[in-house]
Each structure stands twice: as structure tokens, then as C-alpha cells.
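>>> Just a sequence and a predicted model for now, questions to come.
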Amino acid sequence: MKELTDLALNVTESAGATYADIRIVDQRENRIMVERRSLKLIDETESSGFCIRAIFNGAWGFASSSDFTRHGVEKTAKRAVDIAKASALVPKPDPVILADEKTHVETCVGICEEDPFEVPHSQKAEVLLSSCNTMLSVPGVVMAWGVLWFVRLHRIIATSNGSYVDTTNWFTNPILQAVAVVGNESQERNYTGGAKQAGYEFIRELDFPGRAKQIAEEAVMKAKADDTPTGIMDLVLDPHHLALTIHESVGHPTESDRILGWEANMAGRSFVSPKDIGFLQYGNTRVNFTVDNTLEGGLGSWFYDDDCVKMMSFPVIREGILVNLTMTRETAPIIGFDRSNGCCRSQGYQHFPINRQANLYMEPGNDDSVTPDDLISGVDKGIYIEGRGSFSIDQMRNNFQFGGDMFWMIEGGRKTKPLKKVTYQAQTRAFWNSCAGIAGRKYWKPFGIWNCGKGEPTQRMMMTHGASYCHFKNISVGGARI
């Protein structure tokens with residue numbers, strides 16, 4: 001591969017490119033799906049290819065191929081430069097200038113104690129068949145299904161400034177759901193732990209067959225529960241629920257390409273502007289957010305991003321103030337930063353890499369003695385929400401609505417009864433300024449999001465969010481039918 005990467009970079013340089021990189025990607029995926037008591041899918045795919053980016057006169061060119069012959073690499077490299085030259089004919093307000101980056105030469109291998117591609121399909125299927133059979137044995141459950149999804153991602157990135165990195169990562173995404181019908185009411189309950197960078201050992205740790213009965217019983221409980229009350233009340237949100245709220249109301253609005261107006265697909269741009277850095281009161285002083293793209297088990301911990309920037313940890317919000325954005329080598333100089341913070345990624349070799357949020361999480365409370373029960377005890381009337389549900393957010397990431405997966409009424413400082421069809425509405429900054437309490441570090445939990453869509457054409461990306469349990473005051477609840 002080193003011979004081919006050298007060839008590609010030499011061709012782009014000879015054709016006049018001022019910068020170039022080549023990214024070789026081999027990606028293997030395996031999915032096992034069970035519905036009710038039958039195996040519905042065994043899917044095994046692998047793709048291998050490479051892409052070349054080149055800059056000429058301040059414009060990008062991009063070309064990809066799966067032809068690994070010398071002729072194929074030369075042809076693709078020339079095409080990338082030709083496209084850059086054609087693009088340079090169109091005037092643009094911000095010619096491409098890349099932030100400086102050190103030269104990196106490294107081989108990195110991610111966490112995987114048990115390679116999922118070495119585990120027999122029959123063994124994976126049995127985990128789901130046993131789990132679904134247990135869920136269907138609970139009276140009232142009419143549907144049960146599950147998926148185990150595994151990815152192995154191998155990348156080689158070489159740049160014209162001398163970097164050459166070789167990275168391998170494994171990712172595991174387990175899904176389990178029960179659907180219950182009681183009378184005319186249908187409700188579902190899901191496994192809510194998210195995905196993780198890990199091998200098959202993660203599936204063994206989860207013990208789906210052991211969890212299945214509780215998931216099914218809670219689906220029935222939801223179907224029998226009262227509808228949500230409406231009005232202004234307090235919320236206590238668990239970490240797995242907060243992952244999606246964080247993703248939509250903090251992660252996407254702080255992506256530099258949305259802020260610059262380069263990206264508007266999948267719910268638009270952002271209310272944030274570059275001049276807000278260091279000044280914008282995003283939340284109250286309790287609220288602190290960090291990106292850690294070195295987080296162990298994090299879906300966004302790829303060692304190096306697709307700009308060949310070494311991944312790092314950095315603050316985004318400190319004591320409620322916006323202090324940073326996620327950036328690429330291209331967006332950093334425009335915003336006023338000397339260096340990228342390593343947030344440029346793509347779905348595969350066929351895609352041009354773009355600015356992506358990665359492992360963004362909310363810091364736990366300063367007082368480690370605060371428990372989730374302490375937060376609940378401080379609520380006279382409110383709702384406790386577990387897990388992910390529906391969501392909606394406007395085109396500037398200001399106004400939003402979220403649902404959840406399991407709901408409990410809080411009355412007089414304790415959980416009293418289950419609820420269903422709960423939604424809440426808020427404005428982003430008002431919501432994070434309403435944070436009244438955060439549980440301690442021992443209650444902090446990560447949640448891996450597997451399928452974040454962005455870009456045109458759309459690219460899928462994965463990342464991990466984390467939080468401890470949080471209390472929010474005076475939030476509008478109800479008013480939507482789901």
C-alpha cells in the first residue's frame with residue numbers, strides 16, 4: 001500500500017496540486033436480524049477502495065476508485081487534480097487554506113478482545129432468538145425483534161506533507177425491542193445502552209437473554225400506563241436519554257461547517273456564529289461539555305481523523321460559556337484557529353470527508369455524592385425519562401421537542417407511576433440554562449449513536465455521547481400525540 005500511496009501523491013504533485021492526500025478504506029460489516037422466533041437476515045459485506053483529494057489554486061478536487069492497479073491509482077490521482085482545476089475556475093469567497101498539521105507516522109489498533117467476525121453466525125443468532133422468545137412469552141407482547149451489527153474499519157491515510165497512518169477499529173451495535181398491545185394501545189420498549197467500540201465481548205457483557213423479560217414487561221407496562229400530563233413541570237433525565245438531546249441541541253449547532261453555512265442538510269444550520277466563541281451563554285454555570293475523541297470505547301475514537309489530524313480532547317462549553325467548535329483543517333483558519341481539533345470524517349472511501357461531531361459529552365456534577373434519587377427527591381411534580389425516543393428540531397437548532405423510551409411520574413419527590421406518550425418542548429439555550437442539578441461521576445454513562453445522517457449526498461456516521469442524570473426546571477411537557 002505504501003508503494004501505491006507514494007504513486008498517488010507523486011502523480012498529484014506532478015499535475016500541479018499544492019496539497020494531496022490518499023485514504024484507503026477496507027470496511028467489513030456483519031448484521032444478524034431476528035424477528036419474532038425466526039431468523040430474518042444474515043448479511044456479510046466488505047468494501048475496499050481509495051479516494052484522493054487534491055488542492056489546486058485554492059479549490060478541492062476529489063476522486064475515488066476500487067481499482068488498486070498502478071494504472072487505476074494514476075488515473076484516479078489525475079482525475080482528482082483535473083476536478084480541482086475545474087473547480088478553481090469558479091470564484092469562491094474562501095479559497096481552501098489548510099491549518100498546519102504535524103507529520104504523523106503511526107499504526108494504531110482499537111479495542112477488540114473477541115473478533116466478532118470469528119464468532120459463528122449461529123451463535124449470534126441464538127442470542128437474539130433466545131431473547132425474542134423470552135419477550136414473546138410475556139402476555140401482551142406481540143412483536144419482538146433484535147439486531148447485532150458489527151463493523152471492522154481499516155484505514156490507511158497518506159498525505160503530501162509526509163504523514164502515513166494505519167488504523168483499525170471494531171464497532172458493535174446491539175438492538176433489542178419488544179412491542180406490546182393492550183386493548184387499542186400499542187407501545188414499545190427498547191434496549192437503551194447504545195453502541196460501543198468493542199468486539200463480541202460487548203454482546204456477552206450485555207446478556208440480552210437475561211434482560212429480555214424486563215424489556216418485555218416494561219413494554220406492557222407502557223401500554224397500560226396513563227397518558228402524559230401537560231403543563232410546565234420539572235424533568236429528571238437519564239444519561240441514555242440525554243445522549244440524543246445533547247446530539248441535536250449541542251453537537252450539531254457547534255459544528256463549524258453548519259455555522260459557516262456550508263451545511264444545511266438534516267435539520268439545517270445553526271444559531272451559533274464564530275464571534276460567539278468565548279462569549280455565548282449556552283447554559284448556566286453547572287453546564288460543561290467536552291469532546292474526547294480518545295474516549296475508550298467511543299465510536300468516534302478513530303486515532304486520526306480523515307484530515308490525518310491526531311484526535312484529541314478539548315472543551316466545548318465551560319461553566320455555560322461556548323469556548324470551542326468542532327473543526328477541520330479547512331474550517332479552523334476561517335474561524336480564527338491555528339489548528340484543527342480533529343473532527344473531519346467520512347462514511348467510506350466514496351465520500352468526501354466533512355466536519356462531524358464525535359465523542360461529545362456533558363461533564364458530571366461537581367459533587368460526587370449527588371445521586372439520581374437526590375435529584376428526584378427535589379421535584380414536587382415532574383417526569384423521569386429513560387432512553388431515546390422521537391425528536392424534532394428547527395432549521396437553526398433553536399426550538400426542539402423530544403420524546404423518550406420509558407416515563408415515570410414524579411410526585412412529592414418520588415416516582416409514583418409509569419406514563420406514556422411523553423414529549424417535552426424547549427429552546428436550546430433556555431433548556432441548558434434551566435439545569436438545576438447533575439448527579440455525580442459514578443452515575444455518568446456513555447451512549448453510542450450509530451447512525452447520524454449529514455451531508456449531501458447523505459453520509460452515515462457514528463459517535464458517543466455521555467452524561468450523568470440531570471434535573472431541569474420548568475419545562476413545557478405534553479401537547480403532542482405520538
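In hand now; what should we look at? Residues are numbered from 1 along each chain as shown.
>>> pretty sure residue 139 is in contact with residue 217, am I right?
No - counting by CB atoms under 8 Å, residue 139 does not reach residue 217; the two are 9.7 Å apart. Bear in mind the C-beta positions are built from the backbone N, C-alpha and C, glycine included.
>>> of the two, who's got more company?
Neighbours per residue, other CB atoms under 10 Å: of residue 139 and residue 217, the larger number sits with residue 217, 18 against 10.
>>> so what's the closest residue to the more buried one other than its chain neighbours up against?
Among residues not flanking residue 217 along the chain, residue 138 sits closest, at 5.8 Å (CB to CB, 6 or more residues apart in numbering). Residues near residue 138 by CB atoms under 8 Å, 6 or more residues apart in numbering: 178, 180, 213, 216-217, 219-220.
>>> Filter those down to the buried ones, PyMOL style.
Remark: buried members of the contacts of residue 138, expressed as a PyMOL selection using 16 or more other CB atoms under 10 Å:
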select buried, resi 178+180+216+217+219+220
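>>> which pair in the contacts of residue 138 spans the largest distance?
The span of the contacts of residue 138, defined through CB to CB, is set by 180 and 213 at 12.8 Å.
>>> quick revisit: three-state assignment of the residue nearest to residue 217?
coil (DSSP: H, G, I helix; E, B strand; the rest coil).
>>> Among the contacts of residue 138, which ones are in helices?
213, 216-217, 219-220 (DSSP state H).
>>> Kindly indicate which of the residues you listed lies nearest residue 88.
Using CB to CB, the ones in helices among the contacts of residue 138 come closest to residue 88 at residue 219, 57.4 Å.
>>> Outline the domain layout of this structure.
Recorded structural domains for the chain (assignment: automatic domain parsing) are 2-224, 227-477.
>>> Buried deepest among these, which one?
Most buried of these, by mean neighbour count (mean count of other CB atoms under 10 Å): domain 227-477, with a mean of 20.
>>> what are the ranges of the helices in the stretch 351-482 of the chain?
372-377, 428-433 (DSSP state H, counting those that start in this stretch).
>>> now the ones you listed in a markdown table, with mean pLDDT and distance to residue 351?
Listed next are the helices of the stretch 351-482 of the chain as a markdown table, based on pLDDT from 0 to 100; distance: least, CB to CB, whole Å:
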| stretch | mean pLDDT | distance to residue 351 |
| --- | --- | --- |
| helix 372-377 | 98 | 40 |
| helix 428-433 | 98 | 29 |
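>>> Spatially central, which residue of the chain would that be?
residue 463 (3.0 Å; CA atoms, centre = their mean).
>>> so what pLDDT did it get?
With respect to pLDDT, residue 463 has a value of 98.
>>> So what touches stretch 472-482?
228-237, 383, 389-390, 401, 403, 421-426, 431, 434-436.
>>> what about 6 Å?
Applying CB atoms under 6 Å, 6 or more residues apart in numbering, the external contacts of stretch 472-482 come out as 228, 230, 232-235, 390, 403, 421, 423-426, 434-436.
>>> Out of these, which is nearest to residue 150?
Closest to residue 150, out of all of the contacts of stretch 472-482 and judged by CB to CB, is residue 390, at 27.2 Å.
>>> and residue 48, bridged to which residues?
Note on residue 48: beta-bridge partners residue 26, judged by DSSP bridges.
>>> Residue 16: what's it in contact with?
Neighbours of residue 16 in contact, by CB under 6 Å, 6+ apart: residue 56.
>>> Could you do residue 99 as well?
Going by CB under 6 Å, 6+ apart, residue 99 touches 329, 332-333, 339-340.
>>> Quick check: which element contains the residue nearest to it when sequence neighbours are not counted?
Leaving aside its sequence neighbours, residue 99 sits nearest to residue 332 (CB to CB, 6+ apart; 4.2 Å). Using DSSP states H and E, residue 332 sits within helix 331-335.
>>> What mean pLDDT does that helix get?
For helix 331-335, the mean per-residue pLDDT is 97.
>>> by contact count, what packs against the helix or strand following that helix?
Where DSSP H and E defines the elements, the next helix or strand beyond helix 331-335 is strand 344-345. Helices and strands touching strand 344-345, by 3 or more CB pairs under 6 Å, 6 or more residues apart in numbering; DSSP states H and E: there are none.
>>> I would like the residues contacting strand 344-345, please.
In contact with strand 344-345 (CB under 6 Å, 6+ apart) are residues 305-307, 328, 353, 356.
>>> and if you look at stretch 240-259?
With CB under 6 Å, 6+ apart as the criterion, stretch 240-259 contacts 192, 263, 269-270, 272, 289, 316, 325-327, 331, 335, 355, 357, 360, 385-388, 391, 393, 397, 400, 402, 404, 428, 447, 465, 467.
>>> for the stretch 51-200 of the chain, what spans make up the helices?
Using DSSP H, counting those that start in this stretch, helices in the stretch 51-200 of the chain cover 70-88, 121-136.
>>> got any ranges where the protein has weak pLDDT?
Across the chain, residues meeting the criterion (pLDDT under 70) sit at 481-482.
>>> from memory residue 97 sits against residue 333, does it?
Yes - when contacts are counted by CB atoms under 6 Å, residue 97 is listed as touching residue 333 (5.3 Å).
>>> shared neighbours, these two?
In contact with both residue 97 and residue 333: no residue, using CB under 6 Å, 6+ apart.
>>> now the contacts of strand 344-345 as TSV including distance to residue 154?
What follows is those, written out as TSV (distance: CB to CB, whole Å):
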residue	distance to residue 154
305	16
306	14
307	18
328	22
353	16
356	19
